[in-house]
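1. pasting a predicted model and its sequence here:
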Amino acid sequence: MDVLSIIGLTLALGAILFGQWVEGGSMASLVQLAAFFIVIGGTLGAVMLQTPVATFWRGLRLARWIFSPPAVDYQAAIAQLAGWADTSRRDGMLALENQLDAIADPFTRNGLQMLVDGYEPERIREAMHIDINYYENRQKTAARVWESAGGYAPTIGILGAVMGLIHVMENLTEPLKLGAGIAVAFVATIYGVGSANLIFLPIAGKLKALVDAQVVYRELVLDGLLGIANGENPKLIEARLQGFLPAESDR
């Protein structure tokens, strides 16, 4: 569970509502179903129009990473790869076949299988780089679903505000209703700008960062497997893989 995401979302929304309360505004004035449907419905429709079906659904599923990101244990991977290197040097590459069933990650399992099958290091590099590039492109394209929503929402919020002001202008003969009507019109702008900058764009940014972490993990695994394929010393492999670790302040 990513506690920082929960705290961030709570703080962002809480700060807006607290500010509204401090200013003496009514919380009820921020609740407007018409504005909500215009902004959220319009944004959703625009994103769906832009995005292929498979990418759209992948983007929605990817959002679960915001609160439950995939685990990336670099140190465990380094220790595992160093252990495999030691086993292969001592007992031969075929001895690693016993490890295959215990590997949950398909990427790592596929790479180890190619090692056991005796593929040349260059062939392993080519195959796994294709896998890494495809994974990165597919996941970041899915993350851009949220980025697109962050781009459309403010504009649609302004559209909702203009629609509300048109309705106000149609009732100029009733001055007592003008203030309330204008206030309601601008709620759409709040929804558009707020949803983009407090929800959609932060989600897109965090998803991209998480995808980058997954890519680095795969590059680490690939480098370790290539070291094993080339018969390098396990200690040398382990020392080189330490370079993939994020800075201490980033962990």
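-> Great, that's in hand.

2. do a quick rundown of the helices in the stretch 151-251 of the chain.
-> Here the stretch 151-251 of the chain has its helices, by DSSP state H, counting those that start in this stretch, at 178-195, 201-229, 234-241.

3. out of those helices, nearest to residue 14?
-> Go through these one by one with C-beta to C-beta and the one that ends up closest to residue 14 is helix 178-195, at 12.7 Å. In this view, the C-beta of every residue, glycine as well, is placed from N, C-alpha and C.

4. what residue in this protein is the furthest from its centre?
-> No residue in the chain sits farther from the centre than residue 173, which is 50.3 Å out by C-alpha atoms, centre = their mean.

5. torsion angles phi and psi at that one?
-> Dihedral pair for residue 173: phi -70, psi -10, per degrees, to the nearest 10.

6. and it, how far from residue 2?
-> 54 Å (C-beta to C-beta, to the nearest Å).

7. what's the end-to-end length of stretch 93-103?
-> 16 Å (C-alpha to C-alpha, to the nearest Å).

8. and if you look at stretch 16-36?
-> End-to-end for stretch 16-36, by C-alpha to C-alpha: 17 Å.

9. how about it, which residues are buried there?
-> By 16 or more other C-beta atoms under 10 Å, the buried positions in stretch 16-36 come out as 30, 32, 35.

10. show me these that map onto helices.
-> residue 35 (DSSP state H).

11. state the mean pLDDT of stretch 44-56.
-> Stretch 44-56 comes out with an average pLDDT of 94.

12. got it, and stretch 226-237?
-> Averaged over stretch 226-237, pLDDT sits at 90.

13. contacts for that stretch next, please.
-> With contact meaning C-beta atoms under 8 Å, 6 or more residues apart in numbering, stretch 226-237 is reached by 81-86, 88-89, 93, 115, 119-121, 124-125, 224, 240.

14. filter those down to the buried ones.
-> Buried subset of the contacts of stretch 226-237 (neighbour count, 16+ other C-beta under 10 Å): 81-82, 84-86, 88, 93, 115, 119, 121, 124-125, 224.

15. what's residue 92 sitting at in phi/psi?
-> Per degrees, to the nearest 10, the backbone of residue 92 is at phi 100, psi 160.

16. so how many other residues sit close to it?
-> Using other C-beta atoms under 10 Å as the criterion, residue 92 is surrounded by 9 other residues.

17. gap between it and residue 118?
-> Residue 92 is 11 Å from residue 118, by C-beta to C-beta.

18. now swap in residue 237 and tell me
-> When residue 237 is compared with residue 118 (using C-beta to C-beta), they lie 19 Å apart.
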